[in-house]
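1. Take a look and give me a structure for this.
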Amino acid sequence: MLLQNKHAVIYGAGGVIGSAVALAFAKEGAKVFLTGRTLKPLEAAAKKIKDEGGQAEVAVVDALNKRSIEDHLKAVYDKTGSIDIHFNAIGVVHLQGIPLTDLSTEDFYHPVHTYITTNFLTTTAVARYMIRNKSGVILTITTPGGLLANGVAGGFGVSNAAVESLTRNLAGELGPYNIRAIALRSDAIPETVAGGSHAKEVFGHRAELMGTTLDELLPQMGEGSLLKRSPTLEDLANTAAFLASDKARAITATVANITCGSIVG
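-> Numbering: from 1, shown residues only. Next up, the predicted model:
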């Protein structure tokens with residue numbers, strides 16, 4: 001198995017993406033530490049992992065609170081002696097589909113502040129433990145919004161660009177300690193909507209502004225990609241598991257393209 005004897009901490013692990021990646025890590029042999037602000041979805045994710053033979057523990061952690069993050073990581077490290085993998089999948093509802101010239105400062109700043117703050121707090125906190133062991137992999141998640149000039153993504157596009165920049169800077173600073181940092185750039189995953197993701201509200205509002213419905217918008221999302229489809233949760237989770245493994249030990253300071261070819265390069 002790719003991640004045998006590894007310890008992975010996942011933030012937003014009760015969500016659709018976080019739980020899918022956690023399951024993939026566990027299937028590859030990692031013990032996963034699931035964190036989030038609400039216990040019930042964390043317990044559901046842990047049960048699914050355990051039902052499939054994996055190892056999982058849950059803890060309520062606010063990924064925007066430094067003390068909450070650090071207290072949890074200390075407990076994990078004291079128990080295991082290593083934290084090998086970081087993945088932050090928290091998500092917040094935000095506005096898309098509105099031109100920047102019509103967007104309020106608050107609506108623009110909300111995703112920028114939230115995504116860069118949580119990723120800064122969790123990555124730097126976990127890195128301090130990885131430095132002790134001179135080993136580790138930091139994974140972040142972004143979207144093509146950080147590249148697109150015509151995405152009308154509001155502050156979300158800016159937040160993606162910021163997280164990718166943070167990831168590259170972490171890779172540069174932590175490389176001498178044998179710590180890798182990689183951003184996973186996934187395009188929209190339609191099945192997350194049915195799973196209860198915040199994407200339902202985000203995409204729903206965007207569809208309304210476009211004069212269509214969410215049911216009509218979702219099937220169209222992958223039509224412009226080279227593969228003529230959207231990425232799936234399984235696509236994202238399997239890529240994350242591979243990049244977290246020693247099979248990818250030469251890969252760092254980059255952005256993995258998980259867009260089915262909607263973005264080239």
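
2. Which residues does the worst-scoring helix or strand of the chain on mean pLDDT contact?
-> Using mean pLDDT, DSSP states H and E, helix 199-209 stands out as the lowest-scoring helix or strand of the chain, at a mean of 72. By Cβ atoms under 8 Å, 6 or more residues apart in numbering, the list of residues contacting helix 199-209 from outside reads 16, 91, 93-98, 188-189, 192-193, 213-214, 216-218. Backbone N, C-alpha and C define where each C-beta goes, glycine included.

3. mind listing the helices for the protein?
-> For the chain, helices defined by DSSP state H occupy the ranges 16-27, 39-51, 66-80, 105-133, 155-174, 191-194, 199-209, 214-217, 233-244.

4. how about the fourth one: buried residues?
-> By that I understand helix 105-133. 108, 110-112, 114-116, 118-119, 121-127, 129-131 (16 or more other Cβ atoms under 10 Å).

5. before we move on, the earlier item: which of the contacts of helix 199-209 are buried, as a ChimeraX select command?
-> A single ChimeraX command suffices to select whichever of these are buried according to 16+ other Cβ under 10 Å:
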select :16,91,94,95,96,97,98,188,189,192,193,214,217,218
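
6. who's the nearest residue to A8 once chain neighbours are set aside bridged to?
-> Leaving aside its chain neighbours, A8 sits nearest to I85 (3.7 Å; criterion: Cβ to Cβ, 6 or more residues apart in numbering). For I85, the residues forming beta bridges with it (DSSP bridges) are A8, V137.

7. could you list every residue that touches D51?
-> For D51, the contact set (Cβ under 8 Å, 6+ apart) is empty.

8. same question, H94
-> D107, H110, P111, T114, G154, G155, F156, V202.

9. go with 10 Å
-> Residues in contact with H94, defined by Cβ atoms under 10 Å, 6 or more residues apart in numbering, are 107-108, 110-112, 114-115, 153-156, 159, 198, 201-202, 205.

10. confidence score at it?
-> Per-residue confidence for H94 comes out at a pLDDT of 86.

11. Okay, it and H110: tell me how far apart.
-> Applying Cβ to Cβ, to the nearest Å, one obtains 6 Å for the distance of H94 from H110.

12. can you pull the pLDDT of the closest residue to G157 other than its chain neighbours?
-> Among residues not flanking G157 along the chain, G145 sits closest, at 3.7 Å (Cβ to Cβ, 6+ apart). Predicted confidence (pLDDT) at G145: the value is 90.

13. So what does A13 look like in phi/psi?
-> phi -70, psi -10 (degrees, to the nearest 10).

14. what's the neighbour count on it?
-> Using other Cβ atoms under 10 Å as the criterion, A13 is surrounded by 32 other residues.
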